[in-house]
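*Asks:* Below is the sequence, then the predicted model.
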Amino acid sequence: MARASRSRRLTSIGDFGRLELEAAFERADQISSDAWPDQSEALQGHTLLTLFAEPAGPSQTAYALAGRRLGADVADFPAGESGGFADALVAAEAMGPDILVVRHSAPGAADFAAERSGALVIGAGDGAREDPVQALTDAFVLRRRFGALDGLRVAICGDVLHSRAARSAVGLLNVLNVEVRLAGPPTLLPADADRWGVDVFHDLDEALEACDAVIVLPAPRERISGAFVPSPREYAALYGLTAERLSRANPGAVVLHAGPVGRGVEIAADVADMAEASLIGDQAAAGVAMRMAVLSLMTEWGGNRMGAA
Amino acid sequence: MARASRSRRLTSIGDFGRLELEAAFERADQISSDAWPDQSEALQGHTLLTLFAEPAGPSQTAYALAGRRLGADVADFPAGESGGFADALVAAEAMGPDILVVRHSAPGAADFAAERSGALVIGAGDGAREDPVQALTDAFVLRRRFGALDGLRVAICGDVLHSRAARSAVGLLNVLNVEVRLAGPPTLLPADADRWGVDVFHDLDEALEACDAVIVLPAPRERISGAFVPSPREYAALYGLTAERLSRANPGAVVLHAGPVGRGVEIAADVADMAEASLIGDQAAAGVAMRMAVLSLMTEWGGNRMGAA
Amino acid sequence: MARASRSRRLTSIGDFGRLELEAAFERADQISSDAWPDQSEALQGHTLLTLFAEPAGPSQTAYALAGRRLGADVADFPAGESGGFADALVAAEAMGPDILVVRHSAPGAADFAAERSGALVIGAGDGAREDPVQALTDAFVLRRRFGALDGLRVAICGDVLHSRAARSAVGLLNVLNVEVRLAGPPTLLPADADRWGVDVFHDLDEALEACDAVIVLPAPRERISGAFVPSPREYAALYGLTAERLSRANPGAVVLHAGPVGRGVEIAADVADMAEASLIGDQAAAGVAMRMAVLSLMTEWGGNRMGAA
């Protein structure tokens, strides 16, 4: 494939077209089943810097691990320390990374980085805007379960307003011909949701009708005790996913949650732990494989560092 | 050796039988003297995750280093961040680690992890319960000095109540036919110490009589200024190890302390720095070797990841 | 070269003689242009520990990256945690590092480490005393631009009193026959500056006259609002480097700043961003190369660990 036809960034799910998406699913599949031979050499001699302005979490560990399994030199650049993000970026960029993984609370931060860096840039969350790799991971897990995504009906439930993963998931599932439904309290749905190409529900039971999969979003305590929702109790009563509610979905329907899981709040414990229906464990496992897929593919496509714009 | 006969966890010193202990001492010996050829390849392609709920300290560095020297992909999973330990464990487990090193303030946390993980699990301290690798390290250092441990008399002095290393040391030394004495103020000895198979002393001078080794425990300031002991001054007067006191032990007796060393409190500075008698430097050096020994042996015994229980 | 003739430490720029300086510049040059073949194998089997008592910053990332690119096993030893620096050092030393990189707020801390360690010790800043690798990096960047340093005139401007980089830079530039000028408010120049073998100015315009390079020092807010200087506004007016002021320097003069850059305070934004004159980006890029050069050369010269003194 010609180099110029490929993006050097993955900061929005829209940066990957159908071919790139297909390649990512296939590569993650090969990695998951140990069928990809280049695993420990693919990024030999390449430098991966994680530039996280928010405290380290599982996602940063997953990127570090994915990079090391591919043979990259991985280091963390403490973005949150002194000075602004722009200065941190200049200093990080000067270390000549081949790949920069960026997380920051400001929407657009990853694009800001991509415009100033000669590295491949992956957005690992910029505020509530996008987290494309999480969306890829979720779609990958669904694809493995159902064989194909085409024609499935998926409900995304809860605090869509503050969820970068939801935003990326909608973008991705739309491209893959999945019918998407958003369900949540009006205060936690984006004002412009009707322009997202999805169906919007305020009643969870209605939304679940004949669904194949339910993506449950985290409901952080601070969002459901005050301005947006009166109390966790009320939230659980109206929007908590119970086994009874799930029975409205199709037989064989599955449940996804990217964690941290609020048992008894947005999801009942027995639903989170359902052996067949819950794909929560699969998601986390697939997260490292998908990161490895994205890192290795973008390196193949994008070649080495370019001079910064 | 048959695989089924081996434990996939080292969360308590009792998880290792005599054969495993012997193998650990021998491997650590080979590693210390650069006589073990597989050093940098033993864990190639294996993932080691450190899951420390307490702030990073020397022990975490030692595990990271031991893993890297063996060629493992090492990453830190920030267990203390958001959500509970159980959720952190699920997320860490999903990354498919071959080895999990766990530290947590709750007794039993490492076993909790071992029951839920397909990885080999090493407990690096769960509250005051156990720290088996520290005990192995101390025994290894004694073994190098004395040739054999059988028949030695060892005093463990100070805050036994809050010391996980002491608990593991007693278990280990008992198995190795070492005569163990505990010495400390009644408030800092466990209530059930008489059932530990040891002799209990409240007078340090008496306890040191004819000992071959003295393991001095840290006396954190908060434990010796109030509820347990009136003041550091009083603690030092009654339980500080001085050269004069040490003279009651056997000629050639040695002193151990796993750090951080409270000079002038639980141990006089000149005792800590005695060229011949103090094994404090040896302990720290042996710590990385013993971790490498344990990591490589358990990997050989336990093979690859199993599906989690 | 005979081993005994080489220092096992780089804690002061004086530890490198002319031959060592020349070798460092050449190696960094080869590394920067990918003309050095041993890049990923030079430190295979070697352990590098970073022992930073101050919070992690870009410099620690640069050392970790430099070590990893050379194939070393790199780990961070948390020096700031509990206990004193001396105890942290004992524990770190016991892990048998081949190279210790030390940062601490106390002047002399790196030498203190070098006297107690069998490792090669690199000082990455001890209070306001020295940061030799930063000075090497700056000189390297100047050398690349001007071909040779001999006979250049360089002004170092701002808070010289609290700058370890400035102290090391003066020592290095003196050896390399560069004419050095210090410029800053009397309260931010060291009292003994007249014995440094430099010319001292309190007027920036005068100091810049016919200079070839200007090293601008950071002016942290707390130093320029009170005891030393009345206000940032006044500091900027008197000592901020503007394009107009820079015009007093020689044509082709360059500007250096090791960051974090205080735009509008010690340096005008347009000067920091000048395409030709500003070497700020070059400095950061050269920082990793120079660290790789120093790590690999000292390892070649110093061989393996020695028993500690």
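*Replies:* Everything's here; your move.
*Asks:* Local confidence estimate at A:R129?
*Replies:* Reported pLDDT at A:R129 in the predicted model: 85.
*Asks:* give me the residue from chain A nearest chain B.
*Replies:* A:A284 (2.8 Å; C-beta to the nearest C-beta). Yep, even glycine has a C-beta here, placed from its N, CA and C like the rest.
*Asks:* and A:E234, which of the three is it?
*Replies:* helix (DSSP: H, G, I helix; E, B strand; the rest coil).
*Asks:* State the pLDDT value of the residue of chain A closest to chain B.
*Replies:* Looking at A:A284, the pLDDT reads 81.
*Asks:* In a helix, it, correct?
*Replies:* Yes. With three-state DSSP as the criterion, A:A284 is located in a helix.
*Asks:* I'd say it and B:D87 touch.
*Replies:* No. Counting by C-beta atoms under 8 Å, A:A284 stays clear of B:D87, with 10.4 Å between them.
*Asks:* Name the residues contacting each of those two.
*Replies:* Counting by C-beta atoms under 8 Å, 6 or more residues apart in numbering or on different chains, the residues touching both A:A284 and B:D87 are A:G259.
*Asks:* picking that back up, what about the residue of chain A closest to chain B, how many residues nearby?
*Replies:* Using other C-beta atoms under 10 Å in any protein chain shown, A:A284 is surrounded by 23 other residues.
*Asks:* need the contact list for A:D87.
*Replies:* C:G259, C:P260, C:V261.
*Asks:* For it, which three-state class applies?
*Replies:* helix.
*Asks:* And the pLDDT for it?
*Replies:* If you check A:D87, the pLDDT there is 80.
*Asks:* and what of A:R3?
*Replies:* Note on A:R3: pLDDT of 35.
*Asks:* re earlier: next up, the contacts around the residue lying closest to the residue of chain A closest to chain B once chain neighbours are set aside.
*Replies:* Spatial nearest neighbour of A:A284, chain neighbours left out: B:A94 (2.8 Å); criterion: C-beta to C-beta, 6 or more residues apart in numbering or on different chains. Residues near B:A94 by C-beta under 8 Å, 6+ apart: A:G281, A:Q283, A:A284, A:A285, A:G287.
*Asks:* Was I right to think A:V160 contacts A:A191?
*Replies:* No. Applying C-beta under 8 Å as the test, A:V160 and A:A191 come out as separate, 11.0 Å apart.
*Asks:* and the two? which has more neighbours close in?
*Replies:* Neighbours around A:V160 and A:A191, counted as other C-beta under 10 Å, are more numerous at A:V160. The numbers are 26 against 8.
*Asks:* what's the closest non-adjacent residue to that one?
*Replies:* A:A166 (4.7 Å).
*Asks:* From A:I156, how far off is the closest residue to A:G14 other than its chain neighbours?
*Replies:* Once flanking residues are discounted, A:G14 sits nearest to A:G171: 6.0 Å by C-beta to C-beta, 6+ apart. Here the criterion is C-beta to C-beta, to the nearest Å. By it, A:G171 lies 12 Å from A:I156.
*Asks:* Equivalent analysis for A:S278, please.
*Replies:* 16 Å.
*Asks:* Among those two, which residue is more densely surrounded?
*Replies:* A:I156 (26 against 19).
*Asks:* is it true that that one touches A:A169?
*Replies:* Yes. With contact defined as C-beta under 8 Å, A:I156 reaches A:A169; the gap is 6.2 Å.
*Asks:* Can you check which residues contact both of those two?
*Replies:* Counting by C-beta under 8 Å, 6+ apart, the residues touching both A:I156 and A:A169 are A:V180, A:I215.
*Asks:* near chain C, which residues of the stretch 201-309 of chain A?
*Replies:* For the stretch 201-309 of chain A, no residue is in contact with chain C (C-beta under 8 Å from any C-beta of the partner chain).
*Asks:* Could you tell me which residues of the stretch 201-309 of chain A lie near chain B?
*Replies:* Residues of the stretch 201-309 of chain A found near chain B (C-beta under 8 Å from any C-beta) are A:G259, A:P260, A:V261, A:I280, A:G281, A:Q283, A:A284, A:A285, A:G287, A:V288.
*Asks:* Alright, I will stop here.
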